[in-house]
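Chemist: got a predicted structure plus its sequence, pasted below:
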Amino acid sequence: MLECLRKMNLPEYVRDILDHAKGVIVPKTREELLLLAMGNDPENMEFRIEYEVEGKGNVLEAIATKCKNGVVVNYMEDYMRRRDPDSLLISDHKPTDKPRYQDVYGADFETLRGETFEWLKEQELIFFPFKSGGLEYGYDSILLAPANAGFFAAGLGDLQGFLNIDEICSDFTPRAIVFLAPPFRHTHFDGKQIVIHNRLEGVHEFYAYNLYPGPSAKKGIYGVLLNIGEEEGWVTAHAATVKVITPYDNEIVIMHEGASGGGKSEMLEDIHKEMDGRSLIGKNTVTGEKNYLVLHETCDLIPVTDDMALCHPKMQNDSNKLVVKDAESAWFLRVDNMKIYGSSPQYEKLMIHPKEPLVFLNLQAMPGATCLPWEHTLDSNGKRCPNPRAILPRRLIEKAIDEPVEVDVRSFGVRTPSCTKENPSYGIMGILHILPPALAWLWRLVAPRGFNNPSIIDSLEMTSEGVGSYWPFATGKMVTQANLLLDQIVKSTSTRYVLIPNQHIGAYYVSFMPQWIAREYIARRGSAKFKPEHLVEARCPLLGFGLDSLKIDGQYIGRIFLRPETQQEVGKEGYDAGAKILTDFFRQELMKYNTEELDPMGRKIIQMFLDGASVQDYLEIIPMRY
């Protein structure tokens, strides 16, 4: 074994793999990782990532292309260009609500585990230490991957806290181990993006049997953090967090949660504008009518987290607000909304002229040229891949806050379809709803994964992402996470809760304008209370309070965007039909949690919902900060 590895407290079976591998590369810099992404040859402008697969010969998984601004990776299969939400399996015997490997495949995982180790011994390997959850509060972790998967290693090194092995202490003891074995996707899993968690005592093994970083380098480590949090009594929230500074220097911190496609990354974006400076609030999908807003001065946005917000107990204080910090060292940015130059100037500049080369996925690439974030790879159907990505290290993002912050407002985003009388749907939410804490908890249990999701393989129908909206990545029990979230909400008495849709409000297509307008409005209000006379109980109690009026920068937002039932195309008839769809869906999903294991207060809140509770009823069980 390499001398530099001997000071680490590695399990014997890991030492055995390293001792018998064809070779072990231990990169000590990011530059070395990017070189490995191109086959460890500085002359390579393209590099084919392929594996010998029994019965199939040489299988080409992806091609890496060296561009001026980084390494661009394109997968051969459309399926590998987005995350499969059903990829996670559990192989241990600890409590879980997730499918177990043994039950799905009818075999003992120890056999596959041994085969994985033997395959790794036949490879030249990349090995390096990193921190799951960030450098300050994170947990010791290591990666073992085949050497030709350098782009995967580089992506993981960016997303997590990559460490130079020469700088670690002798007490480095891995709490998590990532094993990458891509060809097993074909030999054992019929081409699927399977990832397997093996929660042993003291160490969390994670097996990535595919090359897409989404379910592994990104969400796999998220699962590790959720498991550790479950053991220690805390949560890593699925959220983007931003400090918003108004033109008058008021500051407020908003944490935006939600299922995939719920607008987390967009919460960190400036409000989108037309060429003439106006912002399109919405376009009526029936009549074509457009409504605009003109904001002469918008708020400054100081990013805190993009997708994973660490809520570690060591960070909490006596403010009665939730305190969070980024759990990642880089952001896995989806750039599908960049379709032409100027769509997102602040990110375009960072990606086209980065201070360091970046790793891109699912974008068109010519060797030696500049990869442009609006030139998305085309799927086999000739349409743009809906999930182009850029891995953007936090250190390249100007003004990003690295310290823990107190959250003033927790918003929850929902991707909604259009709703009309003729075609009712759950797209009945106004531009902004204020939620009692008990209702905010229910939304986090159900976490609707809504209309036309670009990030994952899914139907157009509403499904549940599951508790906290991070359930697809979690390994334990849903009810345990529900209890942790309820405890978090009960303790954060000074944090307020809102609900924000995106894509549609009634018959209007609105993109992410609701959360951009809501963000500007909430920030301008600062700590000012919502006066009860300005709040209107929504016709659907699940939506808490709507606003009777919303004035921003001297302009009123039309009631059609605040109360969709006032839209001629929707009316009370379409709204109530949509409310029934939403309520029935909540009833179906909440029954999963209504067990003896749930906190008594949680059982009471769910029973209230089942009994047809009003908004006022929810206020009585956990008071709301107006």
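Modeler: Received, thanks.
Chemist: so how many other residues sit close to residue 270?
Modeler: By other C-beta atoms under 10 Å, 14 other residues sit near residue 270. Just so you know, the C-beta spots here come from the backbone N, C-alpha and C atoms, and that holds for glycine as well.
Chemist: oh, that last question was meant for residue 280, not what I typed.
Modeler: 16.
Chemist: so where is this protein shaky, pLDDT-wise?
Modeler: Within the chain, the ranges that satisfy pLDDT under 70 run 1, 451-461.
Chemist: any idea how far the residue nearest to the spatial centre of it lies from residue 369?
Modeler: Nearest to the mean C-alpha position of the chain, counting by C-alpha atoms, centre = their mean, stands residue 307 at 4.4 Å. When distance is defined by C-beta to C-beta, to the nearest Å, residue 307 is 29 Å away from residue 369.
Chemist: do the same with residue 72
Modeler: As for residue 72, its distance to residue 369 is 10 Å (criterion: C-beta to C-beta).
Chemist: between those two, which is the more surrounded one?
Modeler: residue 72 (27 against 14).
Chemist: the more buried one touches residue 373, doesn't it?
Modeler: No - if you go by C-beta atoms under 8 Å, residue 72 and residue 373 don't touch, sitting 10.6 Å apart.
Chemist: list residues touching both of those two?
Modeler: 360, 363 (C-beta atoms under 8 Å, 6 or more residues apart in numbering).
Chemist: report the contact partners of the residue nearest to the centre of the chain.
Modeler: 238-240, 264-265, 328, 331-332.
Chemist: nearest residue to residue 369 other than its sequence neighbours?
Modeler: residue 67 (5.8 Å; C-beta to C-beta, 6 or more residues apart in numbering).
Chemist: who touches that neighbour in this structure?
Modeler: Residue 67 sits next to 360, 365-371 when contact means C-beta under 8 Å, 6+ apart.
Chemist: and the helices in the stretch 51-200 of the chain, which stretches?
Modeler: 101-105, 109-121, 150-159, 184-187 (DSSP state H, counting those that start in this stretch).
Chemist: so what's the residue count around the closest residue to residue 59 other than its chain neighbours?
Modeler: In space, residue 59 comes closest to residue 53 once its chain neighbours are excluded; the distance is 4.7 Å by C-beta to C-beta, 6+ apart. For residue 53, the neighbour count with other C-beta under 10 Å is 16.
Chemist: also the one 5 residues further on?
Modeler: Here the neighbour count serves as a burial measure; for residue 58 (other C-beta under 10 Å) it reads 9.
Chemist: would you mind measuring from it to residue 332?
Modeler: Distance, residue 58 to residue 332, using C-beta to C-beta: 29 Å.
Chemist: re earlier: nearest to residue 421, out of the helices of the stretch 51-200 of the chain?
Modeler: helix 101-105 (43.8 Å; C-beta to C-beta).
Chemist: does residue 64 touch residue 149 like I think?
Modeler: No - at 10.0 Å, residue 64 does not count as touching residue 149 under the criterion of C-beta under 8 Å.
Chemist: now for these two: what residues contact both?
Modeler: Jointly contacting residue 64 and residue 149 under the rule C-beta under 8 Å, 6+ apart are residue 49.
Chemist: buried ones in stretch 52-72, by neighbour count?
Modeler: Residues of stretch 52-72 classed as buried: 53, 59, 61-67, 69-72 (neighbour count, 16 or more other C-beta atoms under 10 Å).
Chemist: equivalent analysis for stretch 116-128, please.
Modeler: 116-117, 119-120, 123, 125-128.
Chemist: likewise stretch 380-396?
Modeler: For stretch 380-396, by 16+ other C-beta under 10 Å, it's 384-394.
Chemist: possible to save those as CSV with secondary structure?
Modeler: Output for these, formatted as CSV (DSSP: H, G, I helix; E, B strand; the rest coil):
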residue, secondary structure
384, strand
385, coil
386, coil
387, coil
388, coil
389, strand
390, strand
391, strand
392, strand
393, strand
394, helix
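Chemist: can you tell me which of these is nearest residue 564?
Modeler: Of the buried residues of stretch 380-396, the one sitting nearest to residue 564 (C-beta to C-beta) turns out to be residue 386, at 26.5 Å.
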